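Enquirer: What follows is a protein structure lacking sequence information:
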C-alpha cells in the first residue's frame, strides 16, 4: 500500500526547463533542493533593484545577443521589411478574391441596369459605345471593391516586420509573465522535441502548422508565442477577435502576430472571401497559425463546445485543393491560478461583460505582482489534416445514408464536427492536472464545512491515484511529498478562495469561495464524467432511502438514466465516442474494482448494481466524490427546466394582449434571478448552478429538443433579441385560481432531472416545496408579461429601492 503522504511517481517524460541560454530537464520526483522549481523563461532582473543590470538585459534582447537573435528559426521567415506589403499583395492576387470582386461588381451592375442608371440600350450602331460604357462602369465598381478589400486586408493581417520589435516584445512579455507566474512555463521535453522534428519536416515541404489550444485566459496566446520564440519555432499568426484591437494594445499585438477578424461576419460575402483568401495565402506559403478551438475563453474551467468558423476556412483550403496539407497540433494550457477567474464569476452571475480597453488592460496588469504559480503547456502529436479528410471520406462514404459526393454539404458538416471534437478530446488527453485543481476538487467533494490538513492530504493523494488510473497526467512537482504539494496549492489559491480556521488542535481549511474553486474542480471533471453519471444513477435509489436491499438499481434503469443525463449534458462535456453499453461496462468494472459499487449478474450479464459493502463502511466517501462532481450540473439543468414554467402564459396576460413570444435574454436574466432566490431560500444547493453559461446550454438543448421555439430576426433590425416561446405540448396546466399545477410533460421532465439532485432536509416536504417553487416562478416571471411601459417603470422602482437580489454571496 502506498504512503498516503506521497504522490504517485510520474512515468511521463520530464519537463523541459529553460534558464537563460541553457536547456535542462526537470524530472518528476527529483527534489531540486533549495533552488526549488526552475522556470521555463529567463528570470530578469527587476529595474528597481538593479537598474543597470536590467538595462543590460534589455539591450541584449534588442541587439539579439546569442539565442535572443531569433535568426535560426524552424519555419517560414516573417520578420523582414516589407512583410505587410508583400502579404497584402499576395492576398489581393488570390483568384477566388478576384472572382468574388468581379461577381459582386456584376451583381451591382445588374441592379444599376434595372434602375436605369446606365441609360437605355443604344440604338442600332451604338451598341459598341453602350457596351464600352458598361465595361467602364464594371471596372469602376471592381476598383472600388478592390480598394475596400485592400483596406480591410491592411487592417486584418498580422504585421511581423521587425526583429528589433519582436525581441523587445519578448523581453517585455516575459517580464510581465514571470512576475505573475513566478514558477514559469513548463513544457514536456519529449513533446517539444517531437514538435521540432515535425516542424523541420513541415518547413522543408512548405507546410504550415495549425496550433489549436484550449482557451482559459488571455495569457494563453502570450505563453505559446513565448515558447515558440524561445525554442526557435516560427511564430504563428494568431486569430483574434477585433474586440481586442483597441488603441495602443491592438497595434502592439498585431505587430507581435495577431490577425484581426470580426466577431460576426453576417452575410458580408466580400469579407468572408477575404478571410478565406488570407487563410489560403498563409497556408500556401507555410506560415504557422494559431486559433482557439473553443472560440472565446472558458469561464467555467472545462472545455467548451468547438467553434467551427475558422476550422471551416482551413478545411476549405485543403478540400478545395488550394493547399496541399497542413499539420494540426492540439495544445493544452493549464494554470495553477487563472488571472481572470474573479471577473468570470461576475459575468456568469449576470454582470455585463466589460469591453476590452487600455484601462482594463492596465488594471488587469496590477495582478502581475501576484504569485500565481506556474503555467503548464502540453502539445499533442501533430497530424495531417489531408490524411484526416481522406480517412473520414473513406469511412463516411461507406455508409448508405452519406452521399458519395465528397463536397456534399452534409458530409462537410459531419467532417467539421468530427474534426472539432477530435481536437477537444486530444486536448483533454494531453492536459495535466495542477495542484490547485487537485485541492479545489477535493474541497468541493467533501461533506461538511471544512477539513483537517491531514485528511485533505489523504484525499489529494487518493485523487492523484484516480487521475493516473484514468489515464490522466499530473503536473511534475519538485517533490513527491503530498504535504508540500497541498501547501503549494493552498499558497497559490490564497485566503480569498481557501480559508483557514485558527486556534484549533489541527490545521483546518474550508472553501471560502466555492464558485471560484469550481473553476479549478472543472479542470478534472472530464476524467471522471462516466463514473459521475453512473453514481448519479445509483444515487436515485440511495436517495429514496430504505434498507440496503431497497437501494439496488437494475441495469436497465441505470442505463436509461445515464443515457438521459448524457443527452442532458451533451453541450457541457466531451463524452467518450464508444457505444454506451461498452462505456458503462468498463465504468462499472472500474468502480467495482475500487470497491465503490457492487454488481450482481445473471447468465454472465450485469443485473443489478448497489453500493459496495466496503464503501458503506467508509461512509460513502468515494461514491459521494463522484456524485459531488456532477450534482452542480444536475442542479443547473433542473433550474433551467424549472425556469421554463415562466413561459407559461398567466391567466391575466391572456386578456391583456401580451405576446406568447418573450425576449430570450430577458427570460434568461429572470431565470438567474429565480435561481439566486431559490439558493438563498434553500431550494437550490449550489450557487454555481446559477450561471449564465449553464442556463444558455440548457435553453440550447431545449430548443434542439423542440421543447421551446426560438425566433430570430433574419431581416429588419439585426440587433433585435431572439424571442422564445414554450411549445404547445409542453405548456403546463393552471388550476381554477390560475396557479401552476405540477403536472404534464414539463413537470415530469423536471422531476426526472430532480431524481439525481443532492437531497437536503429542506426538500423532504415535497408538496410544500413544489408549491413554493412554482409560486416563486410565477412571481419572478410576472415582469416578463407586463406591457413594456409598466415593465420599464417597475425596473426603475426596484433600482431606486435597492432591493435587488445580490449577485454574489
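Expert: Happy to help now that I have it. All values reported here derive from a predicted model rather than from experimental measurement.

Enquirer: For residue 510, which non-adjacent residue is closest in space?
Expert: Leaving aside its sequence neighbours, residue 510 sits nearest to residue 450 (Cβ to Cβ, 6 or more residues apart in numbering; 3.4 Å). All C-beta spots, glycine's among them, are computed from the backbone N, C-alpha and C.

Enquirer: Doesn't residue 601 lie inside a strand?
Expert: Yes: under DSSP: H, G, I helix; E, B strand; the rest coil, residue 601 sits within a strand.

Enquirer: now that we're looking at the residue nearest to it when sequence neighbours are not counted, which residues does it contact?
Expert: Spatial nearest neighbour of residue 601, excluding adjacent residues (Cβ to Cβ, 6+ apart): residue 607 at 5.7 Å. For residue 607, the contacting residues are 554-555, 599-601, by Cβ atoms under 8 Å, 6 or more residues apart in numbering.

Enquirer: out of the residues you listed, which one sits closest to residue 261?
Expert: residue 555 (49.9 Å; Cβ to Cβ).

Enquirer: hang on, the earlier thing: could you verify that the residue nearest to residue 601 is part of a helix?
Expert: No: applying three-state DSSP, one finds residue 607 to be strand, outside a helix.

Enquirer: measure it to residue 308 for me?
Expert: Using Cβ to Cβ, to the nearest Å, we find residue 607 at a distance of 43 Å from residue 308.

Enquirer: Now do the buried residues in the helix of greatest length in the chain.
Expert: In the chain, with assignment by DSSP state H, the single longest helix is helix 127-156. By neighbour count with 16 or more other Cβ atoms under 10 Å, helix 127-156 contains the buried residues 134, 137-138, 141-142, 145-146, 149, 152-153, 156.

Enquirer: hang on, the earlier thing: okay, the residue nearest to residue 601: pLDDT?
Expert: You'll see residue 607 listed with a pLDDT of 94.

Enquirer: Buried subset of the contacts of residue 607 as a PyMOL selection?
Expert: This is how PyMOL selects the buried members of the contacts of residue 607, with burial counted by 16+ other Cβ under 10 Å:
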select buried, resi 555+599
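
Enquirer: Quick one: the contacts of residue 607 as a markdown table, columns for distance to residue 394 too.
Expert: Formatted as a markdown table, those follow (distance: Cβ to Cβ, whole Å):
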| residue | distance to residue 394 |
| --- | --- |
| 554 | 41 |
| 555 | 36 |
| 599 | 39 |
| 600 | 44 |
| 601 | 40 |
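
Enquirer: Reformat the contacts of residue 607 as a markdown table; add distance to residue 374 and pLDDT.
Expert: A markdown table is the format used below for the contacts of residue 607 (distance: Cβ to Cβ, whole Å; pLDDT from 0 to 100):
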| residue | distance to residue 374 | pLDDT |
| --- | --- | --- |
| 554 | 48 | 96 |
| 555 | 45 | 96 |
| 599 | 42 | 96 |
| 600 | 47 | 94 |
| 601 | 47 | 93 |
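
Enquirer: closest to residue 416 among the contacts of residue 607?
Expert: The shortest approach to residue 416 among these belongs to residue 555, at 35.9 Å (Cβ to Cβ).

Enquirer: What's the local residue count around the closest residue in space to that closest one that isn't next to it in sequence?
Expert: Among residues not flanking residue 555 along the chain, residue 606 sits closest, at 4.9 Å (Cβ to Cβ, 6+ apart). The tally of other residues near residue 606 (other Cβ atoms under 10 Å) stands at 19.

Enquirer: Same question for residue 239.
Expert: Neighbours around residue 239, by other Cβ under 10 Å: 22.

Enquirer: Just to check, it is in contact with residue 290?
Expert: Yes: counting by Cβ atoms under 8 Å, residue 290 is a contact partner of residue 239 at 6.8 Å.

Enquirer: What's the separation between residue 197 and residue 327?
Expert: Taking Cβ to Cβ, one finds residue 197 at 12 Å from residue 327.

Enquirer: who's more crowded, those two?
Expert: Neighbour totals were compared for residue 197 and residue 327, and residue 327 leads with 22 against 12 (other Cβ under 10 Å).

Enquirer: Wasn't that one part of a helix?
Expert: No: Residue 327: not assigned to a helix; according to three-state DSSP it is strand.

Enquirer: So it is in contact with residue 201, correct?
Expert: No: using Cβ under 8 Å, residue 327 makes no contact with residue 201, being 9.1 Å away.

Enquirer: Quick one, grab the pLDDT at residue 613.
Expert: At residue 613, pLDDT is 95.

Enquirer: what about the stretch 601-750 of the chain, any weak spots by pLDDT?
Expert: Residues of the stretch 601-750 of the chain meeting the criterion pLDDT under 70: 651-659, 714-718.

Enquirer: ranges for the strands of it?
Expert: 605-611, 662-663, 708-711, 723-726 (DSSP state E, counting those that start in this stretch).

Enquirer: The stretch 351-500 of the chain too?
Expert: Under DSSP E, counting those that start in this stretch, the stretch 351-500 of the chain gives strands at 375-379, 383-384, 432-433, 450-452, 473-474, 498-501.

Enquirer: Tell me which of those strands lies nearest to residue 622.
Expert: Of all these, strand 450-452 sits nearest to residue 622, with 15.3 Å by Cβ to Cβ.

Enquirer: partner strands of the closest one, parallel or antiparallel?
Expert: Next to strand 450-452 in the sheet, as set by DSSP bridges, lie strand 508-511 (antiparallel).

Enquirer: ok, for residue 610, nearest residue in space, not its chain neighbours?
Expert: residue 552 (4.5 Å).

Enquirer: for the one you found, what are its contacts?
Expert: 541, 608-610 are the contacts of residue 552 under Cβ under 8 Å, 6+ apart.

Enquirer: Could you list the low-confidence segments of the stretch 251-400 of the chain?
Expert: Short version for the stretch 251-400 of the chain, where the test is pLDDT under 70: 353-370, 396-400.

Enquirer: For it, just list every one of the helices.
Expert: For the stretch 251-400 of the chain, the helices defined by DSSP state H, counting those that start in this stretch occupy 269-284, 309-319, 341-348, 358-364, 385-396.

Enquirer: closest one to residue 219 among the ones you listed?
Expert: Here helix 358-364 is closest among these (Cβ to Cβ), at 10.3 Å.

Enquirer: can I see the domain layout of this protein?
Expert: Domain assignment for the chain by automatic domain parsing gives 40-66+160-236+287-430, 528-619, 630-801.

Enquirer: Nearest to residue 110 among those would be which one?
Expert: domain 630-801 (21.0 Å).

Enquirer: tell me the strands in the stretch 1-150 of the chain, going along the chain?
Expert: 15-19, 22-26.

Enquirer: need the contact list for residue 617.
Expert: For residue 617, the contact set (Cβ under 8 Å, 6+ apart) is empty.

Enquirer: any idea how far it is from residue 542?
Expert: Distance, residue 617 to residue 542, using Cβ to Cβ: 15 Å.

Enquirer: what about the helices in the stretch 101-250 of the chain?
Expert: Using DSSP H, counting those that start in this stretch, the helices of the stretch 101-250 of the chain run over residues 127-156, 163-180, 189-205, 219-231, 249-255.

Enquirer: Tell me which of those lies nearest to residue 341.
Expert: helix 219-231 (12.0 Å).

Enquirer: And that closest one, what does it pack against?
Expert: In this structure, helix 219-231 packs against helix 163-180, strand 185-188, strand 208-213, strand 237-241, strand 326-335, strand 375-379, with contacts taken as 3 or more Cβ pairs under 8 Å, 6 or more residues apart in numbering; DSSP states H and E.
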